[in-house]
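Enquirer: got a structure for you, letters missing:
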């Protein structure tokens, strides 16, 4: 469980850094990269909660 928490936190940090680069430089590649990271963060969070639900059911 700790691995999922760290993964989500690191992904959020990476997205924040990417959006900060976009705000500072205005380059669209940082914005696209940040949105991809946010997408994978949401997927990782859903996986985390799915594991929690499956542990409760088992």
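Expert: Received it, and whenever you're ready, just let me know what you need. Computed from a predicted model, the values in this text were never measured in an experiment.

Enquirer: quick one: the helix or strand harbouring residue 9 to chain centroid distance?
Expert: For residue 9, the element it lies in under DSSP states H and E is helix 2-25. Averaging C-alpha positions (C-alpha atoms, centre = their mean, to the nearest Å) puts helix 2-25 7 Å from its chain's average.

Enquirer: between the following helix or strand past it and helix 2-25, how many degrees?
Expert: Next helix or strand after helix 2-25 toward the C-terminus (DSSP H and E): helix 28-57. If you take axes from the mean of the first three to the mean of the last three C-alpha atoms, to 10 degrees, helix 28-57 sits at 160 degrees to helix 2-25.

Enquirer: and helix 28-57, which residues are buried?
Expert: 30, 33, 34, 37, 38, 41, 44, 45, 48 (16 or more other C-beta atoms under 10 Å). Bear in mind the C-beta positions are built from the backbone N, C-alpha and C, glycine included.

Enquirer: Can you tell me which of those is nearest residue 19?
Expert: Residue 19 has its nearest neighbour among these in residue 34, at 4.6 Å by C-beta to C-beta.

Enquirer: Which residue is the nearest non-sequential neighbour of that closest one?
Expert: residue 18 (3.6 Å; C-beta to C-beta, 6 or more residues apart in numbering).

Enquirer: Distance check, the one you found against residue 5.
Expert: 21 Å (C-beta to C-beta, to the nearest Å).

Enquirer: Quick check on these two: which one has the bigger neighbour count.
Expert: Taking neighbours as other C-beta atoms under 10 Å, residue 18 and residue 5 compare with residue 18 leading, 20 against 12.

Enquirer: what about the more buried one, distance to residue 48?
Expert: On the measure of C-beta to C-beta, residue 18 and residue 48 end up 22 Å apart.

Enquirer: May I have the phi/psi pair for residue 27?
Expert: phi -80, psi 130 (degrees, to the nearest 10).

Enquirer: Give me the neighbour count for the residue lying closest to it once chain neighbours are set aside.
Expert: Spatially, and ignoring its direct neighbours in sequence, residue 27 is nearest to residue 21 (7.5 Å; C-beta to C-beta, 6+ apart). Neighbours of residue 21 under the rule other C-beta under 10 Å: 16.
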